[in-house]
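Asks: fold the following.
(one chain, ligands or ions: 1)
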Amino acid sequence: MPPSPPTPPGTNPLWGGYKTPTGHGRTGARLNLVIALVCALAIAVIWLGTAHRIALEREQAQAAAMKSNANLAVAFEQQIFRTLKAAEQVAAFVRDQYLLHGTTIDLRRWVQQQLIRDALFTIVNVADANGKIVASSSDMIPSVNYADRAFFQLQRQNTKDALYVSAPVLGRVSGTWQIPMSLRIARADGSFAGVVVLSVNPQHFTDFYRQSDLGPQGLLELTGLDSVVRSRTVGNRNSFGLDAAKLPWFQRHPAAHEGAFVDSGEAIDQVARTISYRSVAGYPLIVTVGTPHATDMALVEQRRTAYLWVTGAATAALLAIAGLLILMLTRQRAATEALHASEALFRATFSQAAMGITHIAPDGRIVGANDKFCHMLGYTLDELRALNVLELCDTEHQAKAQQFLTERLHNRAPALSPEIEKPYRRKDGTVLWVCEALSVVTDAQGRPEYLVAVTQDITVRKNLEERLSHAALHDGLTHLPNRVMFLEQLSQLLVQARQHQQRVAVLFVDLDGFKGVNDSRGHAAGDQLLWQAARRLETCIRAGDTVARLGGDEFGIALASLAHTSDCEALAHRVIAALAQPFDIDGTPAHISASVGAALFPAHGEEPGALLAQADTAMYAAKKAGKNRFSWALQSGA
Ligand SMILES: Nc1nc2c(ncn2[C@@H]2O[C@H](COP(=O)(O)OP(=O)(O)OP(=O)(O)O)[C@@H](O)[C@H]2O)c(=O)[nH]1
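Replies: Numbers count the residues shown, from 1 in each chain. Next up is the predicted model:
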């Protein structure tokens with residue numbers, strides 16, 4: 001089984017596998033859109049995920065800060081609670097002693113003996129029912145009256161036995177800001193007998209700040225439900241006695257006794273804080289802990305920046321990948337479309353070309369051919385594909401065709417596409433002259449894959465050329481060679497004669513009385529006579545000799561390889577005898593004769609023109625001698 005031929009573009013039969021591309025542009029645009037959408041979706045997912053992660057971490061950080069602050073608030077509340085309980089115990093002890101011993105109680109000594117141990121009380125006083133201080137822990141009893149003090153008036157009217165923590169006041173005894181904490185003294189009958197007053201430095205309440213390390217913007221505050229701030233510490237700044245009405249935690253407290261939120265800091269110092277507040281159990285007080293929101297969120301913000309960078313980089317990478325993908329696919333599509341267009345062009349060119357196109361394997365087998373070529377040769381495509389292109393040539397042209405094929409395979413310069421003119425044999429046996437150009441198509445490795453032959457039918461031109469060539473060298477009336485061809489053939493005979501040392505004879509034959517036939521019988525009759533004379537002359541010569549019409553009623557004869565001069569004379573006499581026979585012109589005889597002159601090579605001349613001239617001169621001599629005779633040329637130079 002022979003190896004299968006190389007496969008040209010497309011598939012068989014004859015690249016019929018090609019399909020007109022449809023919808024490539026639309027499909028490509030859709031694919032681009034899908035890639036863009038997938039990319040956009042992926043980017044959206046990444047960003048949503050990042051945003052969600054950031055929000056979650058924010059939430060967690062916020063919750064952690066709130067929880068931490070809530071714990072601090074609990075601890076702060078407990079410290080306040082313990083302080084107040086201690087104050088309450090001290091006040092109750094002093095009250096009990098006062099009720100037992102009256103003004104004889106020595107508070108100063110108790111402080112010194114540390115019966116009143118707590119150092120937080122700057123001063124402990126007992127005032128009677130009129131507000132006059134009757135016992136004091138200071139060196140001497142101050143002459144101060146509490147009657148106008150709010151806490152005194154409140155305790156006088158109060159029936160509750162509870163410690164009252166007043167708003168900070170400027171101490172009349174100490175001259176410094178104090179928070180008076182008072183306990184009502186009641187007699188056995190319940191009547192008001194005065195108050196025990198313990199003064200506390202407001203800063204004491206927020207000393208907790210130092211333990212809790214809230215930072216330079218941290219907030220610690222003790223606020224009374226009477227909307228007066230007992231003590232507030234922000235960093236190392238301490239303040240008290242401020243109005244708490246506008247504080248967010250104060251406003252929230254009635255609804256929720258404890259809570260946590262982010263405050264803008266508008267009511268204090270414009271610093272946003274994470275706030276936790278709660279009521280002090282059993283006292284009309286609120287403790288508040290705040291940490292700067294920026295500090296709480298610092299780590300989250302750092303991570304957020306990192307997330308944004310990573311997400312931004314991932315977005316850029318995705319966009320770059322999608323862009324590259326779209327670019328690559330677009331280029332690939334463009335290449336495919338160009339290939340399809342090229343194939344469509346090829347197909348149109350191939351099938352509709354005015355010239356025959358064949359694809360030939362390097363060994364000459366015909367792989368494919370267009371309709372034109374099939375039509376030119378009269379074969380079907382299947383018949384052609386069973387043939388070698390050389391089989392389309394006659395045997396004598398096959399070597400030349402093979403050589404042309406081989407040369408083209410070895411010299412594949414595309415710019416050089418030489419043409420060959422050769423005859424093909426059609427299926428019906430007639431000759432098809434073609435002009436054929438061969439191009440070589442190579443594979444990726446540069447090896448010849450197949451040849452493309454573009455074949456033009458030049459039979460008409462060739463026939464015309466042949467006819468023109470024949471007409472140029474032959475006489476149109478007698479169809480004998482004309483003077484030009486006679487001289488050419490004589491020249492070739494002389495070349496051979498020189499090589500073989502042979503003699504050549506040239507005879508000049510001129511009809512006698514031909515004009516009379518023309519004149520008496522007409523020109524057409526003269527033509528008939530000339531035609532018949534030519535045929536008679538042809539019968540007189542041998543193969544290899546030449547007879548030609550030199551013009552008018554003149555004929556030339558060239559005799560090759562003349563053995564004896566007598567042979568020439570014999571021929572001349574045969575000619576004279578043949579032409580002396582009557583001619584039958586349209587059934588009526590016509591009589592003429594002929595005068596013949598002859599010249600010999602090399603005796604009478606060496607060149608065709610010279611020999612013919614010599615023979616002409618000899619013929620003229622025969623005419624002069626009475627016509628119907630033969631005459632030799634004179635010796636050369638005679
Ligand atoms: N019918 C015909 N006549 C031709 C043709 N060519 C030349 N002639 C005539 O042939 C004649 C040749 O002239 P001549 O050679 O003087 O005639 P001739 O009667 O043979 O004279 P001699 O050679 O002296 O015997 C002329 O009348 C030409 O017109 C031709 O092709 N056909």
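Asks: for the ligand, what is the nearest residue in this structure?
Replies: Residue nearest to the ligand within the chain: Gly526 (2.4 Å; C-beta to the nearest ligand atom). Every residue, glycine included, has its C-beta placed from N, CA and C.
Asks: what's the neighbour count on that residue?
Replies: 23 (other C-beta atoms under 10 Å).
Asks: check contacts around it.
Replies: Taking C-beta atoms under 8 Å, 6 or more residues apart in numbering, we find Gly526 in contact with 514, 517-518.
Asks: before we move on, what SS does the residue nearest to Glu258 when sequence neighbours are not counted have?
Replies: Spatial nearest neighbour of Glu258, chain neighbours left out: Arg278 (3.6 Å); criterion: C-beta to C-beta, 6 or more residues apart in numbering. Following DSSP: H, G, I helix; E, B strand; the rest coil, we place Arg278 in the strand state.
Asks: get me the contact residues on the stretch 151-300 of the chain for the ligand.
Replies: Residues of the stretch 151-300 of the chain found near the ligand (C-beta under 6 Å from any ligand atom): none.
Asks: the stretch 151-300 of the chain: helices as residue ranges?
Replies: Using DSSP state H, counting those that start in this stretch, the helices assigned to the stretch 151-300 of the chain run over residues 202-205, 208-212, 248-252, 293-296, 298-352.
Asks: give me whichever of these is most buried.
Replies: helix 202-205 (a mean of 21; mean count of other C-beta atoms under 10 Å).
Asks: list the helices and strands that helix packs on?
Replies: helix 24-101, strand 177-186, strand 229-234 (3 or more C-beta pairs under 8 Å, 6 or more residues apart in numbering; DSSP states H and E).
Asks: Leu579 reaches Val596, doesn't it?
Replies: No: using C-beta atoms under 8 Å as the test, Leu579 is too far from Val596 to be in contact (9.1 Å).
Asks: how many residues are close by Gln528?
Replies: 19.
Asks: that one is in contact with Asp586, isn't it?
Replies: Yes: assessed by C-beta under 8 Å, Gln528 is found in contact with Asp586 at 7.3 Å.
Asks: identify the residues contacting Ile80.
Replies: Here Ile80 is in contact with 205, 222, 280, 283, 285, 287 (C-beta under 8 Å, 6+ apart).
Asks: what does Ile43 give?
Replies: Applying C-beta under 8 Å, 6+ apart to Ile43 gives the contacts 315, 318-319.
Asks: pLDDT-wise, what's the bottom of the contacts of Ile80?
Replies: Ranked by pLDDT, those bottom out at Phe205 (74).
Asks: list the contacts for it?
Replies: Taking C-beta under 8 Å, 6+ apart, we find Phe205 in contact with 80, 83, 179, 222, 230-231.
Asks: out of the contacts of Gly526, who's near the ligand?
Replies: Among the contacts of Gly526, the ligand is touched by 514, 518 when using C-beta under 6 Å from any ligand atom.
Asks: closest to Val165 out of the contacts of Gly526?
Replies: Proximity of the contacts of Gly526 to Val165 (C-beta to C-beta) peaks at Asn518, which lies at 167.3 Å.
Asks: after the strand ranked longest in the chain, which helix or strand is next?
Replies: In the chain, taking DSSP state E as the definition, the longest strand is strand 431-442. Tracing the chain past strand 431-442, the next element assigned as helix or strand by DSSP states H and E is strand 448-457.
Asks: what residues does the protein have near the ligand?
Replies: Neighbours of the ligand within the chain, by C-beta under 6 Å from any ligand atom: 477, 510-516, 518, 523, 526-527, 530, 552-553.
Asks: host element of Asp584?
Replies: Going by DSSP H and E, Asp584 is part of strand 583-585.
Asks: now the end-to-end length of stretch 552-569.
Replies: 24 Å (C-alpha to C-alpha, to the nearest Å).
Asks: domain ranges for the protein, per the record?
Replies: Listed by automatic domain parsing, the domain ranges of the chain are 71-295, 353-464, 474-632.
Asks: quick one: mean pLDDT over the second one.
Replies: Regarding domain 353-464, the rounded mean pLDDT is 86.
Asks: which residues of the stretch 401-550 of the chain fall in helices?
Replies: For the stretch 401-550 of the chain, helices defined by DSSP H, counting those that start in this stretch occupy the ranges 459-473, 483-500, 514-521, 523-540.
Asks: so which elements touch the first one?
Replies: By that I understand helix 459-473. strand 431-442, helix 483-500.
Asks: what's next to the last one, contact-wise?
Replies: Where contact means C-beta under 8 Å, 6+ apart, the residues beyond helix 483-500 that reach it are 472-474, 481, 502-504, 506, 546, 548-551, 556, 558, 560-561, 601-602, 606-609, 611-612.
Asks: can I have the buried ones of these as a ChimeraX selection?
Replies: Command for ChimeraX that selects the buried part of the contacts of helix 483-500, burial taken from 16 or more other C-beta atoms under 10 Å:
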select :473,474,481,502,503,504,506,546,548,549,550,556,558,560,561,601,608,611,612
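Asks: now list the buried members of the residues of the chain next to the ligand.
Replies: For the residues of the chain next to the ligand, buried by 16+ other C-beta under 10 Å: 510-512, 514, 518, 526, 530, 553.
Asks: who's Thr358 bridged to?
Replies: For Thr358, the beta-bridge partners under DSSP bridges are Ala369, Ala453.
Asks: for it, give its distance to Cys393.
Replies: Distance of Thr358 to Cys393, computed by C-beta to C-beta, to the nearest Å: 13 Å.
Asks: more neighbours: which of the two?
Replies: More crowded of Thr358 and Cys393, by other C-beta under 10 Å: Thr358, with 25 against 19.
Asks: residues contacting that one?
Replies: Neighbouring residues of Thr358 by C-beta under 8 Å, 6+ apart: 366-370, 373, 384, 389, 452-453, 455.
Asks: buried sites along the longest strand of the chain?
Replies: Neighbour-count burial for strand 431-442 [16+ other C-beta under 10 Å]: 432-436, 438, 440.
Asks: again with stretch 120-139
Replies: Within stretch 120-139, the residues scored as buried using 16+ other C-beta under 10 Å are 120-129, 131, 133-138.
Asks: next one: stretch 36-53
Replies: Of all the residues in stretch 36-53, those buried under the rule 16+ other C-beta under 10 Å are 39, 42-43, 46, 50.
Asks: over to stretch 70-82?
Replies: Using 16+ other C-beta under 10 Å as the test for burial, stretch 70-82 gives 70, 72-73, 76-77, 79-81.
Asks: and these as a markdown table, adding pLDDT?
Replies: Below are the buried residues of stretch 70-82 laid out as a markdown table (pLDDT from 0 to 100):
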| residue | pLDDT |
| --- | --- |
| Ala70 | 91 |
| Leu72 | 89 |
| Ala73 | 90 |
| Phe76 | 87 |
| Glu77 | 90 |
| Gln79 | 85 |
| Ile80 | 86 |
| Phe81 | 89 |
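Asks: which one of those residues sits closest to His340?
Replies: Nearest to His340 among the buried residues of stretch 70-82 is Ala70, at 73.6 Å by C-beta to C-beta.
Asks: leaving out chain neighbours, which residue sits closest to the closest one?
Replies: Ser276 (4.4 Å).
Asks: could you measure from Tyr620 over to Asp475?
Replies: With C-beta to C-beta as the criterion, Tyr620 and Asp475 are 22 Å apart.
Asks: who has more neighbours, those two?
Replies: Asp475 (20 against 15).
Asks: which residues of the stretch 151-300 of the chain score low on pLDDT?
Replies: 172-173, 208-211 (pLDDT under 70).
Asks: which one of the contacts of Ile80 is nearest Leu345?
Replies: Val287 (90.6 Å).
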